[in-house]
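A.B. asks: coordinates only, sequence not included:
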């Protein structure tokens, strides 16, 4: 297992939609292990393959509390098939958008279809934290960062700060 480098904004690769996984082979299984190790190391609660430089529709997540046993979940080619209601995800953050949190409007409940780690079809009905994490990570797979979902004023403030730090 390797800890992978997490790409951060303004890396252009993060704004590209990913390609579907067509074969769950050794490369994909190894990528899942490395992504899990990277997510736990950071520590994060979700990680999309695009965030570590892989153009694959694949994500890992674990929303179990830190003091409980880990419960790694893997979704391959996930898509949101329906959503209901709205909620505000307070202080949403992202490993690819370091040192920034914001309130983000999200669907309150969603239905996701995907393949599991072994390629079997899954349907997940999610609300609360799980719904927010899945929307956030599936957005990554579609080339969308959470800062794309906040007010343009807050987004511009963040972008200016990043540009300033890059000049240093």
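C.D. replies: Received it, and whenever you're ready, just let me know what you need. What you see is a predicted model; the values in this text were computed from it and never measured. Numbers count the residues shown, from 1 in each chain.

A.B. asks: What is the least confident helix or strand in the chain?
C.D. replies: None of the helices or strands of the chain scores lower by mean pLDDT, DSSP states H and E than helix 152-167, at a mean of 89.

A.B. asks: Could you give the separation of the strand ranked longest in the chain from the chain centroid?
C.D. replies: In the chain, assigned by DSSP state E, the strand with the most residues is strand 73-94. Relative to its chain's centre, strand 73-94 lies at 9 Å (CA atoms, centre = their mean, to the nearest Å).

A.B. asks: What of stretch 41-48?
C.D. replies: 8 Å.

A.B. asks: Now the terminal residues of that stretch, how far apart.
C.D. replies: 15 Å (CA to CA, to the nearest Å).

A.B. asks: Tell me where the protein has strands.
C.D. replies: Under DSSP E, the chain gives strands at 46-48, 58-61, 73-94, 97-115, 121-127.

A.B. asks: possible to save these as JSON lines with mean pLDDT and distance to residue 141?
C.D. replies: Using the backbone N, CA and C atoms, a C-beta is placed for each residue, glycine as well. Below are these laid out as JSON lines (pLDDT from 0 to 100; distance: least, CB to CB, whole Å):
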{"stretch": "strand 46-48", "mean pLDDT": "98", "distance to residue 141": "5"}
{"stretch": "strand 58-61", "mean pLDDT": "98", "distance to residue 141": "7"}
{"stretch": "strand 73-94", "mean pLDDT": "97", "distance to residue 141": "7"}
{"stretch": "strand 97-115", "mean pLDDT": "96", "distance to residue 141": "10"}
{"stretch": "strand 121-127", "mean pLDDT": "98", "distance to residue 141": "15"}
